[in-house]
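Asks: For reference, the sequence and a predicted model appear below.
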Amino acid sequence: MKLFSSKFLPVVALLTLGVSVCLTGCDLLSDIEDEEGQEVSSGSYEDEEDTNANYGELSEGDTAPDFTAELVDGSKFSLSENSGKVILINLWATWCGPCVEEMPAFEKLNKEYGDDVKIVCVNCMEAKSDVNSFVKQNGYTFPVAYDESGAINMKYPTQGIPYTLVVGKDGKVKNIYVGSAGMEQQYQTYKDAIDAAIAE
């Protein structure tokens with residue numbers, strides 16, 4: 001007995017693809033098109049050294065690339081200035097449902113660990129006004145960074161968001177997560193990874 005008639009196979013394939021995208025996260029395009037349909041870079045670096053850098057996909061054990069970013073509260077966050085601490089870096093966007101769904105986990109973790117663990121959520125190339133509105137509307141107090149030019153995103157390339165990394169006190173990437181399974185599960189997953197990194 002056949003499970004599916006052949007005429008339903010395209011529908012089954014489409015549903016399977018849709019479910020996999022929902023489970024893993026949102027696609028993040030590395031290139032965008034200008035008004036004439038030509039591909040343009042999604043961002044540019046602020047200094048010559050970074051302009052010539054060739055960043056690849058990160059793996060656990062790699063050194064996390066340094067970056068400095070302006071935060072919504074007007075201060076700045078620098079990865080190198082927080083060396084010796086466990087750091088959680090999250091790349092996200094307001095249009096990404098799984099990203100938005102897990103945001104309360106970062107608020108909870110930030111309140112729980114305070115200054116002992118640095119959490120920074122880097123927005124993926126949206127206008128500052130959109131990021132500000134989102135943060136204000138939800139009342140988030142954890143550090144949220146702008147990346148309008150895409151410079152940070154280029155240093156942390158990924159095929160999908162949310163994209164979250166836990167960086168150890170030695171500056172090495174301990175854990176990498178793509179996608180979200182919901183606020184409660186992500187909170188526990190990130191907490192376990194943070195606790196393990198603190199214990200090292």
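Replies: On my side now, so go ahead.
Asks: any residues touching the host helix or strand of Val122, and which ones?
Replies: Using DSSP states H and E, Val122 falls within strand 117-123. Contact with strand 117-123 is made by 69, 71, 77, 82, 85-94, 103, 106, 109-110, 113, 131, 142-147, 152-153, 156, 194, 198, as judged by Cβ atoms under 8 Å, 6 or more residues apart in numbering. For glycine as for every other residue, the C-beta is placed from the backbone atoms N, C-alpha and C.
Asks: swap in stretch 57-77?
Replies: For stretch 57-77, contacts defined as Cβ under 8 Å, 6+ apart pick out 55, 78-80, 87, 89, 118, 120, 122, 131-132, 135, 143-147, 151-152, 155-158, 165, 167, 171-176.
Asks: Scan the helices and strands of this protein for the one with the lowest mean pLDDT.
Replies: Ranking every helix and strand in the chain by mean pLDDT, DSSP states H and E puts strand 39-41 at the bottom, with a mean of 32.
Asks: And the pLDDT at Tyr177?
Replies: Listed pLDDT for Tyr177 reads 97.
Asks: what do you get for the one 4 residues further on?
Replies: Per-residue pLDDT puts Ala181 at 93.
Asks: Now it: which helix or strand?
Replies: Assessed by DSSP H and E, Ala181 sits outside every helix and strand.
Asks: and it, backbone torsions?
Replies: phi -110, psi 20 (degrees, to the nearest 10).
Asks: Could you check how far it is from Lys155?
Replies: Computed as Cβ to Cβ, to the nearest Å, the Ala181 to Lys155 distance reads 26 Å.
Asks: measure stretch 80-99 end to end?
Replies: Stretch 80-99 has an end-to-end distance of 25 Å (criterion: Cα to Cα, to the nearest Å).
Asks: Name the residues of it that come out as buried.
Replies: 82, 85-94, 96, 98-99 (16 or more other Cβ atoms under 10 Å).
Asks: what's the answer for stretch 138-151, then?
Replies: The neighbour-count check on stretch 138-151 (16+ other Cβ under 10 Å) flags 140, 142-147, 150-151 as buried.
Asks: re the thing from before, select only the buried ones of the contacts of stretch 57-77 in ChimeraX?
Replies: In ChimeraX, this line selects whichever of these come out buried by 16+ other Cβ under 10 Å:
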select :79,87,89,118,120,122,131,135,143,144,145,146,147,151,152,155,156,158,165,167,171,173,174,175,176
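Asks: Filter the contacts of stretch 57-77 down to the ones in strands?
Replies: Taking DSSP state E as the definition of strands, those contribute 78, 87, 89, 118, 120, 122, 144-145, 165, 167, 173-176.
Asks: Which parts of the protein are helices?
Replies: Using DSSP state H, the helices of the chain run over residues 9-24, 48-51, 97-113, 128-138, 151-155, 183-199.
Asks: can you list the ones you listed in CSV and add distance to Gly61?
Replies: Putting the helices of the chain into CSV (distance: least, Cβ to Cβ, whole Å) gives the following:
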stretch, distance to Gly61
helix 9-24, 23
helix 48-51, 23
helix 97-113, 23
helix 128-138, 31
helix 151-155, 17
helix 183-199, 13
